[in-house]
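Chemist: Fold the stuff below for me.
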Amino acid sequence: MSDKLLPAHFLMGPSSSSRWLECPGSLRVPHPEDEAGEAAAIGTLGHLLVEKGLIFETPCRINKPLEQSDREFLESLPDEVRDQLEEDVDLCVELVDGLAYNQRHLERQIQHDLIEEHGGTVDVIIQHGETLHVIDFKFGRMRVDPEGNPQIMSYINLARQLYPKATRFLGSIIQPKIKRDIQTVEFTLEELDEHERRVLEASISDEFKAGDHCQWCPLLHQCTTAAKHIRDNVEEFPVLTPEVDTETLVKIYKIGKLAEKMTKDSGAVLKERLRKGETVEGVGLRPSGWFVWKANAAEILTEAGVDFDCLVEAKMMSPSASRKKLGIPKDSFDEKFGPAISRRPGVSIVLGKNQLGEFPEFPDE
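Modeler: Modelled structure (predicted):
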């Protein structure tokens, strides 16, 4: 591989491979830059702290050398969030340090030898004998399975460029908020070669293909292929009766979720236009909002004498979803949990009619 300066972001990055492997055409359309929220910033900081913890070979606390901006962000986090992050980081460090290795790379950026647009930064690469082991850290709450994971397979294939003589290939995910252990899958050479073939095909294809992967595309609301896919499938839906088979119900649900995502994305664009003063008869904006847990919710609820098991379960989801799952009447829930909840203001779209008379038409082209 060349020693040339590599780009900060690759068009064909492994993290979005589940989308562009299915729809190569999405690579040919300019995508907006992701707006990193606090959760993403905490995840990025977590990766940095794990790297430093592995370098220093001790638990990674805030007294480790950090850039000033990173230190300020870490120290600005509520105590509960910072303590949880440090606990998660220490677990990642402990699990990785427990693995034997001949060579180990941390946060190694690799570019594909043949495809300039394909590459990424691998959290950990371990070479031990003839075994090549790639590890990816996830600090979110959405479960990620390493089995058949295209991101992990992409990382392994990129790492194979460093160790072409490897004969055994392991891919692992460490996700502290889901499982306090390392999840590892062994991939065959045939599986990895097939994945490499798909990556090569995607790099030269401009085909648009709609499907479940559209859920993760930021340009879903602009995609005519996805619009046609939704409309065609909706037209085929049967009347929901007890006789409808389960497979059809799953199909209806998936298409409904895709249409929901398209509606949400379209609504964001519509809100922006309405904010700028564009007028549409029968459509407007009104103040709204949603409820979230305060950063110090655990402390507030503990002081209020809320049962710990109840607290843990409630903190795993939004306040509204927690109330339903715990089966607590709204008045009782508000009285007991209210001090730990805050309301985030927003705006919602108001239509002249309460509901649409039919599924909205989307253009074919």
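Chemist: Can you name the element that comes right after the one helix or strand in the chain whose mean pLDDT sits lowest?
Modeler: Ranked by mean pLDDT, DSSP states H and E, the helix or strand of the chain with the weakest confidence is helix 308-314, at a mean of 61. Following helix 308-314 in sequence order, the next helix or strand is helix 319-326 (DSSP states H and E).
Chemist: Name the residues of that following helix that come out as buried.
Modeler: If you call a residue buried by 16 or more other CB atoms under 10 Å, then helix 319-326 has these buried ones: Pro319, Ser322, Arg323. Every C-beta, even on glycine, is put in place using the N, C-alpha and C of the backbone.
Chemist: Just give me the closest of those to Glu194.
Modeler: Of all the buried residues of helix 319-326, Glu194 sits closest to Ser322, with 42.7 Å by CB to CB.
Chemist: Next, work out how far apart that closest one and Lys177 are.
Modeler: Look at Ser322 and Lys177: by CB to CB, to the nearest Å, they are 16 Å apart.
Chemist: How about Ala259, nearest residue that isn't a chain neighbour?
Modeler: Ile230 (5.1 Å; CB to CB, 6 or more residues apart in numbering).
Chemist: my hunch is that that neighbour is in a helix, does that hold up?
Modeler: Yes - judged by DSSP: H, G, I helix; E, B strand; the rest coil, Ile230 forms part of a helix.
Chemist: What is the burial count for Gly327?
Modeler: Using other CB atoms under 10 Å, Gly327 has 7 other residues around it.
Chemist: List the contacts of the residue nearest to Arg168 when sequence neighbours are not counted.
Modeler: Setting aside the residues directly before and after it, Arg168 is nearest to Thr131 in space (CB to CB, 6+ apart), at 4.4 Å. The contact partners of Thr131, by CB atoms under 8 Å, 6 or more residues apart in numbering, come to Ala166, Thr167, Arg168, Phe169, Leu170.
Chemist: As CSV, the buried residues of helix 319-326 with distance to Phe237 and pLDDT would be great.
Modeler: Putting the buried residues of helix 319-326 into CSV (distance: CB to CB, whole Å; pLDDT from 0 to 100) gives the following:
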residue, distance to Phe237, pLDDT
Pro319, 34, 84
Ser322, 33, 81
Arg323, 32, 82
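Chemist: Tabulate those in CSV, adding columns for distance to Leu162.
Modeler: Shown next, in CSV, are these (distance: CB to CB, whole Å):
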residue, distance to Leu162
Pro319, 47
Ser322, 46
Arg323, 51
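Chemist: Could you single out the nearest of the residues you listed to Gln151?
Modeler: Of the buried residues of helix 319-326, the one sitting nearest to Gln151 (CB to CB) turns out to be Ser322, at 30.6 Å.
Chemist: all strands for the stretch 251-365 of the chain, in order.
Modeler: Using DSSP state E, counting those that start in this stretch, the strands found in the stretch 251-365 of the chain span residues 283-293, 341-351.
Chemist: For Arg160, see how far away Glu147 is.
Modeler: Computed as CB to CB, the Glu147 to Arg160 distance reads 19 Å.
Chemist: Next: Gly43.
Modeler: Separation of Gly43 from Arg160 (CB to CB): 26 Å.
Chemist: in the stretch 51-200 of the chain, which ranges drop under the pLDDT threshold?
Modeler: By pLDDT under 70, the low-scoring segments of the stretch 51-200 of the chain are 56-65.
Chemist: Which parts of it are strands?
Modeler: Under DSSP E, counting those that start in this stretch, the stretch 51-200 of the chain gives strands at 103-111, 119-128, 131-137, 168-174, 182-187.
Chemist: Can I get the shortest one in CSV, CA atoms only?
Modeler: When you say that, I think you mean strand 182-187. C-alpha atoms of strand 182-187 as CSV (Å, rounded to 0.1, in the frame of the first residue of the first chain):
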residue,chain,number,x,y,z
ILE,A,182,-16.8,-10.0,23.2
GLN,A,183,-19.0,-11.4,20.3
THR,A,184,-16.9,-13.2,17.8
VAL,A,185,-17.7,-14.9,14.5
GLU,A,186,-15.3,-16.9,12.3
PHE,A,187,-15.5,-16.2,8.5
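Chemist: all helices of this structure, in order?
Modeler: Here the chain has its helices, by DSSP state H, at 17-20, 38-56, 68-76, 79-97, 150-159, 189-204, 224-236, 246-275, 297-303, 308-314, 319-326, 330-337.
Chemist: returning to what we had before: most neighbours of all the contacts of Thr131, which one?
Modeler: Greatest neighbour count in these, by other CB under 10 Å, goes to Phe169: 24 neighbours.
Chemist: That one contacts Leu132, doesn't it?
Modeler: Yes - judged on CB atoms under 8 Å, Phe169 makes contact with Leu132 at a distance of 5.4 Å.
Chemist: intersection of neighbour lists for the two?
Modeler: Joint contacts of Phe169 and Leu132 (CB under 8 Å, 6+ apart) are Ile156, Arg160.
Chemist: got a list of what Leu220 touches?
Modeler: By CB under 8 Å, 6+ apart, the contact set of Leu220 is Cys214, Ala226, Leu258, Lys261, Met262, Asp265.
Chemist: The last one is in contact with Cys223, isn't it?
Modeler: So that's Asp265. No - in this structure, Asp265 is not within contact of Cys223 by CB under 8 Å, at 9.9 Å.
Chemist: So which of these two has more stuff around it?
Modeler: For Asp265 and Cys223, the more surrounded residue by other CB under 10 Å is Cys223, and the numbers stand at 22 against 17.
Chemist: Neighbours of the closest residue to Cys23 other than its chain neighbours, how many?
Modeler: Distances taken as CB to CB, 6+ apart place Lys209 nearest to Cys23, at 4.8 Å, with adjacent residues excluded. A count of nearby residues for Lys209, using other CB under 10 Å, gives 16.
Chemist: I'm done for today, thanks for sticking with me.
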